[in-house]
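*Asks:* please find the sequence and the predicted model below.
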Amino acid sequence: MDPIPLHGCTLDELRTLAKTHVPRGFGKARELYQQALVHGRFDPEAIGLGPEAAAAWRAAFSFELPEVIHVVDEEGETGTTAKAVLRTKDGLEIECVRIPMGRGRHTLCISSQVGCKMGCAFCETARLGLLRHLRTDEIVGQVLVARQVLGWDVRNVVLMGMGEALDNYDHVVHAIRIFNDTGGLAMAQSA
Ligand code: SF4
């Protein structure tokens, strides 16, 4: 079985999975979840686990984020808009955009699909058609890349990037539960 992406789980889901896949895993799930979701690392030894337990966690779970290809800045009236082009593990490009909201606040606009089937006439993405849905961990991974790799202080998320979010309903709703999970990112449900 392939390792399960840790950032594709809520804390409760991780606990349940850890109980099954890692000996005595339940008790360490919270620390490892926070380490990944809040600090961007998956390092079981750093929380005091020995080699056997660490190996069991690594065999059962993974923590891989999309790769940053490049970032393009554009100056505007309210500040700098920054577009990050990311590469998924299977080599597809997606993008997330940090949008200035004034008073030093930023919103992150993320993608929910690679391409889109909706065919809006004005939209560049429409030309691709729908290549595939993004998985939950790939949707969450964009926020983690923005915060932990690019160092962007983003506290709000909108799903208005590549793709029609409601066409990938299950993964999108799952990702929102992870954004809101107080065991990890703890993003508020309202602005
Ligand atoms: S990404 Fe949005 S604007 Fe573009 S085709 Fe899909 S639904 Fe329309």
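*Replies:* Looks like it came in fine.
*Asks:* residue numbers of this structure in contact with the ligand?
*Replies:* Contact residues, the chain versus the ligand (CB under 6 Å from any ligand atom): 116, 118-120, 123, 125-126, 162-164. In short, each C-beta sits where N, CA and C put it, glycine included.
*Asks:* so what touches the host helix or strand of residue 173?
*Replies:* Using DSSP states H and E, residue 173 sits within helix 169-180. Residues outside helix 169-180 that contact it (CB atoms under 8 Å, 6 or more residues apart in numbering): 7-10, 37, 112, 133-136, 139-140, 143, 157, 159, 165-166, 184-189.
*Asks:* name the strands paired with the strand or helix carrying residue 73 and say parallel or antiparallel.
*Replies:* Element membership of residue 73, judged by DSSP H and E, is strand 67-76. Strand pairing for strand 67-76, determined by DSSP bridges: strand 79-87 (antiparallel).
*Asks:* now do the buried residues in the partner strand.
*Replies:* 79, 81-84, 86 (16 or more other CB atoms under 10 Å).
*Asks:* and which of the residues you listed is nearest to the ligand?
*Replies:* residue 83 (14.5 Å; CB to the nearest ligand atom).
*Asks:* which ones are touching that closest one?
*Replies:* 71-72, 74, 95-97.
*Asks:* which residues does it bridge with?
*Replies:* residue 72, residue 97.
*Asks:* can you flag the buried ones in the contacts of residue 83?
*Replies:* 71, 95-97.
*Asks:* now these as CSV including pLDDT and distance to residue 55?
*Replies:* Shown next, in CSV, are the buried ones among the contacts of residue 83 (pLDDT from 0 to 100; distance: CB to CB, whole Å):
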residue, pLDDT, distance to residue 55
71, 98, 35
95, 97, 36
96, 97, 33
97, 98, 39
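*Asks:* can you put these in TSV and add distance to residue 48?
*Replies:* Listed next are those as TSV, based on distance: CB to CB, whole Å:
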residue	distance to residue 48
71	36
95	38
96	34
97	39
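*Asks:* what's near enough to touch residue 85?
*Replies:* 68-72, 93-95.
*Asks:* which residue comes closest to it once chain neighbours are left out?
*Replies:* Leaving aside its chain neighbours, residue 85 sits nearest to residue 69 (4.5 Å; criterion: CB to CB, 6 or more residues apart in numbering).
*Asks:* isn't that neighbour up against residue 92?
*Replies:* No. Applying CB atoms under 8 Å as the test, residue 69 and residue 92 come out as separate, 11.1 Å apart.
*Asks:* the more surrounded of these two?
*Replies:* residue 92 (16 against 12; other CB atoms under 10 Å).
*Asks:* for that one, give me its contacts.
*Replies:* 114, 131-132.
*Asks:* so where do the helices sit in the chain?
*Replies:* Ranges of helices in the chain, per DSSP state H, are 11-21, 29-39, 51-60, 136-144, 169-180.
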